[in-house]
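>>> Fold the stuff below for me.
(2 chains)
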Amino acid sequence: MKRFRNLIAAAVLLGAFAFSFWHVLSHRRAENAPGRVTIRLGHWLLHSGMREAFDAAAADYMRLHPNVVVEQIPVPIRAWPSWLRTQLIGGTAPDITGMLGANEELATRYFLPLSDRVAAPNPYNAGTPLEGVPWIDTFVDGLAAMRTITPTSGDIHGANLQINTQRLFYNKDLLKEITGTDRPPADYAALRVLQDQVTRYNQAHGRRLVPIASCGPYAQHLCERLLPSQTQKLAMELSPSRNFLVPPVEFARLVLDGRCSFQTTPELNASLRLLRDVSSLMTPGYESRQRDEALFDFLQAKAVMIYAGSWDYGVFERDGDFPVGIMPMILPSADDPDYGRFILGLASESTGSHEAALGIVRTSKHPEIALDFLHFLTSRDVAQKFSDLSLRMSAIAEVAPPASAPGLAPRLEGEIAGFMPDLNNFGGTNANMLFRRNLHLLTGPTGSVEAFAARLDAEFPRAVRQDLGIHITRVRRDVQRLDAHLGLLLTQPGTDRQQTWTRLMETRHARQSEYFIYHPLSR
Amino acid sequence: MSPRLIPIVLAASLTLPVLSAETPAPDPWQTALAFDYNTAAEGFARLHAASPADARVTVAYASSLLVKQPRTGDNIEKARSLLLAVRTSAPSAGENAILALYLLARIELDHLDPAQPNSARTRLEQLRRDHPAHPLADHAAVELAYLLAYPGTGPAPAAIPAIEALLASVKEPGASRDLHALLANFYLRHTPDPSAALKHLVAARAVGFEQPLRNADTDLSIGNLARETGNPTLARHHYEAFLAAAPRDVRATTVRRLIAQLDGASPTPVPAR
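Numbers count the residues shown, from 1 in each chain, chains lettered A, B, ... in the order given. Next up, the predicted model:
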C-alpha cells in the first residue's frame, strides 16, 4: 500500500514536470519559430477598455507585420510592485514593461535609454499632422514626466501612452430628480446648496443619498485640487526661488521656522475650513473606504456625484444605467465670502498627470521590434483608436479625447496651483499620518477647525522635523551617489563624457544646496 | 530508479539551462552607471587585483566602494586609501591624480562621519593652487564656496564677498554658473537684496543649465524678480523665454497674465494643442 502511494506521488510529480516541460518547450518553439518573433507587453492597466485597446492595437500591428506576435500580460495592480521587481531582477520581464513604480535605479538598470531615439520622428506618423515631428514633441508634455524619473542621467527610458485628469462625474437623472435640473452646480457655493437639497430629498423620500461618493484615495485627489486654491496667492509670495513653487521641503521649513501656522496663517486656516466643509459632502467614513466601494455607490445611484479619475470614465460609461455628466472640480469663486479672497482661479492642468508609461527592458531579445511597436502604439492614428476604445485621454498631441467625453480633456488655461497643508508623501510621512490621525477633530458634527489647528500646531513641527531629517538623509545619499558617478564617468574608457559629467556636477550642486539650506532645521 | 531519486533528478535537470547560459563578464563601468554597484565593485576589485598600478582602475574601484551596499565605514576608508595611493604613485599632474585629489576632498566632506572639512579645504586649495587650469580646480572653488556659505552653524551671509572673489577667479562655465546660482539663492534667502540675486540669476542663465527645463524655470525666476525690482523690459524678455520653452507648463497662464499686466494689454492666447 505504501509502495502504491509512493508510485502515485511519483506519477503525479512526473506528470506535472512533463506538462511544465512541454508547456515551456512549446512556448519557446512558438517564439523561436523560423522568421517569427514574439513581443510581450506587461502592464497593470486592467481598467475597463484597456486590455481591449491593447488587443486591438496588437491585432493591427500583427496585420502590418505578420511575422510578429504581440502578447499582452496584464497584472493586477496590487501584485504589480513585487511582480515588476521579480521579473526585472530575474531577467524575465516582458520586452515592453510598464514603468509604474520604477525609480531611477530600476529605470536605469533594467530599461533601455530612448534619449537618442526620441529625437527622430515616429515613422508611423507619416501622412498625419505629426509627420516629421520629433517623437518627443508628439507627446503633450514632451515626455517631461519621464525625464523626472532619472534626474542623474537625464535620459528618457520610456514613453507614456496616456494622461490622467480628475473630474466630478454626476448622475444626470438623479441630479434632475433632486434639483429639478440636470445642470451641475456652477461654483463651490452652489455645490454646498446641493448638500441641502440632497438632505431635503432624503428626508422626503426616506433615502440615504450623499452628494459625493468617496473613498480615502479619491478624497485625497479631491482635496489636492480644492485646498491649494487657498494657498495660490501665498505660493506666489513664499516661493523661495520666485518660481511660484513651494515644494514640501520648503513648507516644512516654513512650519519649523514658525512662519506658517494652522491657527494664525489665514490661508492655512482657510484650507482647514474648506477641508471640513467638503468632508461633509462626501460619504461618511470615506477615509477608510476603497475605490471599488466609491464606484459601486455611484453606479448604484447612492450618490449624485463622484470625484474620480479619467481612468474610471469607462466603468461609468459601460456599467452605469444613467447618463453621466462630466465637470472639473469647482472652486469657490473670487467673491465667495469665506474662501474667495485667497483664490487666483481654477488651476491649470495643461500637462495632466502621466499614465501608462512603458519602457523596453534591456533583456529584450528584440529591442528594435519592441521599439517599433512602441512607435506604433504612440502614433497619432493608433493613439486615437486606443483612446476611443479605452475611453481615456491620450498623451499624444493631435489626438482628440473620446467622443463621448470631451470633458476629460485637461484644462489648458488656469492659474498656478497652491500647495497642500498635509505634507503627503514627504519624508517618512510622519507629519501626514499625524494630519490624518487627527482628522476626527476636524470633521463630523462635533469637529472644529480650532481644535484641529491647535492640535496640528502643537504636534506637527515635531513630526515635520523627523520627516525633514529623512528627506535630508535621502538628499545626502544622492550627493554621495553623484560623487561616485563622477569618479566612474571620468575614468570610463572610450567615449567623450564632457557633457555628461558637467550635467552631473550641476545636479550635485543643486542637491548640495538643498542639503545645506534644509539640514540645519532637521536637527 | 528509486522513486526517491526522481525529485533529485528533476531538480538537477532544472539547473541545465543555467549551466548552459553564457555569462560574459560585464563592463564594470557600465554596470556601476546602471546602479548595480555591488557587481561593479566586484568587477573593479578583480581589475585592480590584476593591475594594482593602474590609476584609472584604482579611482574607479574607489568610486564604486563609495556606493557599494551595505554602505560601511570600512568601504569608505578603503576608497580613501586607494585614492591616497593614487596620489602617491601616479604622476601628480595626471588626470587620475587630480580626480583622486578632488574625490578625497568630497569624501572628507560628505562621506566620512564625522566630516573633515579642514582637511577637505586643504585639498581643495591644493587643487586650485597646483592645477589652476584644470576644470576640477574651478569646481573645487564651488566646494570652497559652500564651505564659506554654510560653515556648519547655518548660513553665513558675511561670506558673500569671499564667494564673489572665488567666482571672479573661475573660468569653467559650469562652475561659474553654479557659483552664480549659489549666490542668487543666498541673496534671496538670507539678505533683503533681490536685485543682487537677480544679477547672479541672469549671469547663471547666460551660461545655461543642462538639466531639463531648468533654463525655463530660471527664466521664470528672473521674470518675477525683474518685475519685483521694477525692470519690466527684463521681466518681459524672460517671461517670454519661459513661455517659449514651456508653453504647456501649468504656470504659463499666470505668466501670460503677468505679461499683460506689464503693459496693460490683453493676455496672449494659449497655443493650440
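>>> quick one: which helix or strand includes residue A:359?
Following DSSP states H and E, one finds residue A:359 within strand A:353-360.
>>> Pull the residues that contact the helix or strand just after that strand.
Heading C-terminal from strand A:353-360, the first helix or strand you meet, by DSSP H and E, is helix A:367-377. Contact with helix A:367-377 is made by A:37, A:39, A:41, A:57, A:60-61, A:64-65, A:68, A:70, A:95-96, A:112, A:114, A:117, A:122-124, A:135, A:159, A:161, A:358, A:360, A:364, A:382-383, A:386, as judged by C-beta atoms under 8 Å, 6 or more residues apart in numbering or on different chains. C-beta here means a position set from N, CA and C on the backbone, and glycine is covered the same way.
>>> tell me the SS of residue B:155?
Following DSSP: H, G, I helix; E, B strand; the rest coil, residue B:155 is assigned to coil.
>>> Touching, it and residue B:190? I think so.
Yes. Counting by C-beta atoms under 8 Å, residue B:155 does reach residue B:190; the two are 5.0 Å apart.
>>> And residue B:98, how far from residue A:507?
Using C-beta to C-beta, to the nearest Å, residue B:98 is found at 21 Å from residue A:507.
>>> can you check residue A:479 too?
Distance of residue A:479 to residue A:507, computed by C-beta to C-beta: 10 Å.
>>> Secondary structure class of residue A:169, three-state.
Once three-state DSSP is applied, residue A:169 turns out strand.
>>> Would you mind listing what in the stretch 151-300 of chain A touches chain B?
Proximity of the stretch 151-300 of chain A to chain B (C-beta under 8 Å from any C-beta of the partner chain) is limited to residues A:151, A:153, A:154, A:240, A:241, A:242, A:243, A:244.
>>> I'd like these laid out as CSV, including neighbour count, pLDDT and secondary structure.
Output for these, formatted as CSV (neighbours: other C-beta atoms under 10 Å in any protein chain shown; pLDDT from 0 to 100; DSSP: H, G, I helix; E, B strand; the rest coil):
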residue, neighbour count, pLDDT, secondary structure
A:151, 16, 79, coil
A:153, 21, 77, coil
A:154, 18, 79, coil
A:240, 17, 95, coil
A:241, 22, 95, coil
A:242, 22, 96, coil
A:243, 21, 97, coil
A:244, 24, 97, coil
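>>> which pair in those spans the largest distance?
Across those, the longest distance by C-beta to C-beta is 28.5 Å; it joins A:153 and A:242.
>>> which SSE is residue A:420 in?
Short version, using DSSP H and E: residue A:420 is in no helix or strand.
>>> Counting neighbours, what do you get for it?
Using other C-beta atoms under 10 Å in any protein chain shown, residue A:420 has 22 other residues around it.
>>> residue ranges with poor pLDDT in the stretch 1-150 of chain B?
B:1-24 (pLDDT under 70).
>>> Skip the chain neighbours and tell me the closest residue to the residue of it found nearest chain A.
For the stretch 1-150 of chain B and chain A, the shortest gap (C-beta to the nearest C-beta) falls at residue B:63, measuring 2.9 Å. In this structure, residue B:63 finds its nearest non-sequential neighbour in residue A:487, 2.9 Å apart by C-beta to C-beta, 6 or more residues apart in numbering or on different chains.
>>> Verify the contact between that neighbour and residue B:60 for me.
Yes. Counting by C-beta under 8 Å, residue B:60 is a contact partner of residue A:487 at 6.5 Å.
>>> between those two, which one's more packed in?
Taking neighbours as other C-beta under 10 Å, residue A:487 and residue B:60 compare with residue B:60 leading, 31 against 27.
>>> Tell me the secondary structure at that one.
Residue B:60 - assigned by three-state DSSP - is helix.
>>> Same question for the one 10 residues further on.
Assigned by three-state DSSP, the conformation of residue B:70 is coil.
>>> Next one: residue A:473 from chain B, what distance?
Counting by C-beta to the nearest C-beta, to the nearest Å, the separation of residue A:473 from chain B is 12 Å.
>>> Could you do residue A:283 as well?
Note on residue A:283: its distance to chain B, by C-beta to the nearest C-beta, is 30 Å.
>>> Is chain B within reach of stretch A:490-509?
Yes. Using C-beta under 8 Å from any C-beta, stretch A:490-509 reaches chain B at A:490, A:491, A:492, A:493, A:499, A:502, A:503, A:505, A:506, A:507, A:509.
>>> residues in contact with that stretch?
Identification of contacts with stretch A:490-509 by C-beta under 8 Å, 6+ apart yields A:151-154, A:478-479, A:482-483, A:485-486, A:489, B:29, B:33, B:56-57, B:59-60, B:63, B:95-96, B:99, B:139, B:142, B:174-175, B:177-178, B:181-182, B:209-211, B:214.
>>> for chain A, what are the nearby residues on the stretch 101-250 of chain B?
Neighbours of chain A within the stretch 101-250 of chain B, by C-beta under 8 Å from any C-beta: B:103, B:106-107, B:110-111, B:139, B:142, B:146, B:149-150, B:154-155, B:174-175, B:177-178, B:181-182, B:185, B:188-189, B:194, B:209-214, B:217, B:220-221, B:224-225, B:228, B:248-250.
>>> how does it look with 7 Å?
Those residues of the stretch 101-250 of chain B that sit near chain A, judged by C-beta under 7 Å from any C-beta of the partner chain, are B:103, B:106, B:110-111, B:139, B:142, B:146, B:150, B:154, B:174, B:178, B:182, B:185, B:188-189, B:209-213, B:217, B:220-221, B:224-225, B:248, B:250.
>>> Going through the residues you listed, which ones are buried?
Using 16 or more other C-beta atoms under 10 Å in any protein chain shown as the burial test, these include B:103, B:106, B:110-111, B:139, B:142, B:146, B:150, B:174, B:178, B:182, B:185, B:188, B:209-210, B:212-213, B:217, B:220-221, B:224-225, B:248, B:250 as buried.
>>> So which of these belong to helices?
Among those, the residues falling in helices (DSSP state H) are B:103, B:106, B:110, B:139, B:142, B:146, B:174, B:178, B:182, B:185, B:188, B:217, B:220-221, B:224-225.
>>> Might you enumerate the residues of the stretch 301-450 of chain A proximal to chain B?
A:347, A:348, A:349, A:350, A:351, A:397, A:412, A:413, A:414, A:415, A:416, A:417.
>>> Can I have the buried ones of those residues as a PyMOL selection?
Per 16+ other C-beta under 10 Å, the buried members of these correspond to this PyMOL selection:
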select buried, chain A and resi 347+348+349+350+351+397+412+414+415+416+417
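>>> nearest to residue A:435, of the residues of the stretch 301-450 of chain A next to chain B?
Nearest to residue A:435 among these is residue A:417, at 18.8 Å by C-beta to C-beta.
>>> what's the closest non-adjacent residue to that closest one?
Residue A:417 sits nearest to residue A:347 (C-beta to C-beta, 6+ apart), 4.2 Å away.
>>> distance of the one you found from residue B:227?
Counting by C-beta to C-beta, the separation of residue A:347 from residue B:227 is 21 Å.
>>> Remind me what the helix or strand where residue B:160 lies packs against, helices and strands.
Counting by DSSP H and E, the element that carries residue B:160 is helix B:160-168. Applying 3 or more C-beta pairs under 7 Å, 6 or more residues apart in numbering or on different chains; DSSP states H and E, we find helix B:160-168 packed against helix B:135-149, helix B:173-190.
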